[in-house]
Each structure stands twice: as C-alpha cells, then as structure tokens.
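[1] Give me the fold of what follows.
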Amino acid sequence: MANVNTATEQFSDFSKNAIDAAMKFATASFSNAERMIALNLEATKVGLGETEKNAKAFATIKDAQELNGLSTKTAETGVEFLMGYSKNFYEISTAAQAQYTALVEERMNGFQQSVAETLDKVSKSAPAGSDVAITALKSSMAASNAAMDNFSKATKQMTAFADSAYKQATETATAATKAAPKRK
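    Numbers count the residues shown, from 1 in each chain. Modelled structure (predicted):
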C-alpha cells in the first residue's frame with residue numbers, strides 16, 4: 001500500500017510542477033504580448049500623427065526646393081522612427097527570450113534533480129548486482145547534464161554576440177543617418 005501512496009504522491013507532485021510551469025510560461029507569454037501590442041499601438045499612433053503632419057506640410061509647398069527639403073526631412077524622420085521602433089522591438093524580444101530561457105533552464109534543472117533522486121531511490125531498493133547498471137545510468141545522467149550546461153553556455157555566448165552585433169549595427173546606422181549630407 002505504501003508504493004501506491006508513493007506513486008500517487010509522485011504523480012501529484014509531477015502534476016503540480018507541470019501546472020506551475022505552464023502558468024509561468026503563460027504569464028510570461030501574456031506579459032510579452034502586452035508589451036508588443038503596446039509598442040505597436042504607440043508606433044501606429046505616432047505614425048498616424050507624422051502622416052497627418054507631413055500631409056499638411058506637403059499641402060503648403062510652393063516650390064521644388066521646399067518639396068526637396070520636406071522630402072528629405074520626412075525620410076530622415078522615418079528612418080529615425082524605424083530605428084527607435086526596431087530598438088524597442090529588439091529589447092522586448094531579447095527580454096522575452098531571456099524569460100523563456102530561464103523558465104526552460106528551471107524546468108530542466110527540476111527534471112534532472114528528479115531523475116537523480118529517482119536513481120538514488122532505485123539504487124537503494126535494487127537487487128544485488130544491479131549496481132553496475134545504476135552507476136552507468138548515473139554516469140549517463142552526469143554526461144547529459146554536462147552537455148546541457150555546455151549547450152546553455154554556448155547559447156548564451158551566441159546570444160551575447162548577436163546582441164553586440166545588433167547594437168553595433170544600430171549605432172552605425174544611426175550615426176550614418178545623422179551624418180548624411182543635408183539636401184537643400
């Protein structure tokens with residue numbers, strides 16, 4: 001009867017952990033979706049305001065030189081707007097990725113700990129002579145954990161590299177936009 005209670009408790013713990021993890025993922029997803037929606041709504045609002053302002057300005061143009069100047073200013077404003085939008089989009093995406101990575105790592109750590117605990121329990125009640133198989137399983141788990149740690153480190157390094165490259169490209173594009181010769 002003790003084995004049935006233990007199995008029931010283990011299943012109950014597993015279910016609670018699975019529900020907890022699902023809720024964490026759902027909460028993170030909704031939070032990130034809210035941030036993206038807010039960014040897009042703000043971008044739409046600003047875009048509509050700029051469109052109105054530009055339409056009114058174009059309606060008052062009197063000569064080609066004024067048209068050329070306004071066209072250049074409108075293009076510069078558009079590029080600056082897109083650079084700001086892409087920066088905010090990137091920041092939200094990077095934060096979301098970090099949240100999801102942390103949640104996955106948390107689940108993996110919990111799973112690895114659970115497997116290790118189960119192997120310890122099995123080794124205590126295993127028949128004589130099975131210690132070689134259990135040692136092999138533990139060794140396999142240790143190698144798997146090491147591989148996951150290396151993969152996680154490599155992923156973090158690649159993310160840091162991509163982040164650095166993105167920031168450098170953004171800075172270069174912003175500087176190029178500001179340094180572009182102004183047309184008269």
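
[2] so who does Tyr166 touch?
    Counting by CB atoms under 8 Å, 6 or more residues apart in numbering, Tyr166 touches Tyr90. For every residue, glycine as well, the C-beta is placed using N, CA and C.

[3] List the buried residues of stretch 62-74.
    Neighbour counts over stretch 62-74 (16 or more other CB atoms under 10 Å) mark Thr74 as buried.

[4] Using PDB, write down the CA coordinates of that stretch.
    Extracted as PDB, the C-alpha positions of stretch 62-74 are listed here (Å, rounded to 0.1, in the frame of the first residue of the first chain):
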ATOM      1  CA  LYS A  62       5.200  76.400 -53.000                       C
ATOM      2  CA  ASP A  63       8.300  75.300 -55.000                       C
ATOM      3  CA  ALA A  64      10.600  72.400 -55.800                       C
ATOM      4  CA  GLN A  65      13.300  73.400 -53.300                       C
ATOM      5  CA  GLU A  66      10.700  73.300 -50.500                       C
ATOM      6  CA  LEU A  67       9.500  69.900 -51.800                       C
ATOM      7  CA  ASN A  68      13.000  68.500 -51.800                       C
ATOM      8  CA  GLY A  69      13.700  69.800 -48.300                       C
ATOM      9  CA  LEU A  70      10.500  68.400 -46.900                       C
ATOM     10  CA  SER A  71      11.000  65.100 -48.600                       C
ATOM     11  CA  THR A  72      14.500  64.800 -47.100                       C
ATOM     12  CA  LYS A  73      13.200  65.700 -43.600                       C
ATOM     13  CA  THR A  74      10.300  63.300 -43.900                       C
END
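
[5] pLDDT of it, averaged?
    Taken as a whole, stretch 62-74 has a mean pLDDT of 91.

[6] ok, now stretch 121-137?
    Stretch 121-137 comes out at a mean pLDDT of 79.

[7] where does the protein have low pLDDT?
    Applying pLDDT under 70 to the chain flags residues 1-7, 177-178, 180-184.

[8] please redo it, this time with the cut-off set to 50
    Along the chain, the model assigns pLDDT under 50 to residues 1, 184.

[9] In space, not sequence, find me the middle residue of it.
    What sits nearest the mean C-alpha location of the chain, by CA atoms, centre = their mean, is Gln97, with 1.3 Å.

[10] surely that one meets Thr159?
    Yes - using CB atoms under 8 Å, Gln97 is in contact with Thr159, at 7.1 Å.

[11] any common contacting residues for these two?
    Counting by CB under 8 Å, 6+ apart, nothing touches both Gln97 and Thr159.

[12] can you map out the helices along this protein?
    Listed in chain order, the helices found in the chain under DSSP state H are 2-59, 64-125, 131-179.

[13] just checking, which of the ones you listed sits deepest inside the structure?
    Neighbour counts (mean count of other CB atoms under 10 Å) averaged over each of these peak at helix 64-125, with a mean of 14.

[14] who are the neighbours of that one, in terms of helices and strands?
    Judged by 3 or more CB pairs under 8 Å, 6 or more residues apart in numbering; DSSP states H and E, the packing partners of helix 64-125 are helix 2-59, helix 131-179.
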